[in-house]
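Student: need a structure here:
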Amino acid sequence: MIRNTHNSPGPAPAAGDERDARFDEAMRALHRQALDRVEPATRARLRSIRNDTAHARARRGGLLGWALASGSVAAVALALGLQFVGPAPPAPTASAPALAEQTPAIGYDADTSVAALDENPDLYLWLASNGDALPTQPE
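Tutor: Purely as a prediction, here's the structure:
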C-alpha cells in the first residue's frame, strides 16, 4: 500500500505522483547546492543588475511610451492607406448640365445582369464549394 505523504485527508497519491515529488525534491537540492557554490561577489553583481533592470523598466513605461507607440502605428497605417488610394480624378471640363446632355441615361437592365452571371460560371462553382458555410435549415 502507498503511504499518504501529503497532509490532505484525500486518497493516497499514485506512484507517479510520489516519483514526481522525489524528482522535484532532488532538483531543489541541486539548485540549493548550485546557489551555495556561487561567489558572494557574483551574487551581488547579479542582484544589482536585476534591480537596475527592474527600475529602468518602471521608468521607461508610462503615458509617453504609449503615446509614441500608438502614434507610430497610426503613421504607418496612414502611409499604407495612402498607397492604396489612386490618383485624384481629373476635374470635369464641361459644366454639369452640358455633361448630362452628352451622356445617355443608363438604367438597370435585368436581362443584362442575369446574362453576366450566366457568362461567369465560377460564381456558381464558388457557391457550391462553400455550401458548408451556409446555415442549415432545421428539419
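
Student: any stretches of the chain with poor pLDDT?
Tutor: For the chain, applying pLDDT under 70 flags the ranges 1-15, 57-62, 86-119, 131-139.

Student: which residues of the chain fall in helices?
Tutor: Assigned helices in the chain, in chain order: 15-37, 40-60, 63-84, 96-102, 110-119, 122-129 (criterion: DSSP state H).

Student: as TSV, those helices with mean neighbour count would be great.
Tutor: For every residue, glycine as well, the C-beta is placed using N, CA and C. Formatted as TSV, the helices of the chain follow (neighbours: other CB atoms under 10 Å):
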stretch	mean neighbour count
helix 15-37	10
helix 40-60	10
helix 63-84	9
helix 96-102	9
helix 110-119	9
helix 122-129	10
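
Student: how much space is there between Asp36 and Arg47?
Tutor: 16 Å (CB to CB, to the nearest Å).

Student: with Asn120 instead?
Tutor: In terms of CB to CB, Asn120 sits 71 Å off from Arg47.

Student: repeat that for Ala77.
Tutor: For Ala77, the distance to Arg47 (CB to CB) stands at 43 Å.

Student: ok, Gly81 next?
Tutor: Distance, Gly81 to Arg47, using CB to CB: 49 Å.

Student: ok, Asn130 next?
Tutor: If you measure Asn130 against Arg47 using CB to CB, the figure is 61 Å.

Student: for Arg22, give its distance to His31.
Tutor: From Arg22 over to His31 (counting by CB to CB), the distance is 15 Å.

Student: correction: Ala75
Tutor: 48 Å.

Student: same question for Val76.
Tutor: For Val76, the distance to His31 equals 45 Å [CB to CB].

Student: cool, Arg50 as well?
Tutor: Shown here: Arg50 relative to His31, a distance of 17 Å by CB to CB.
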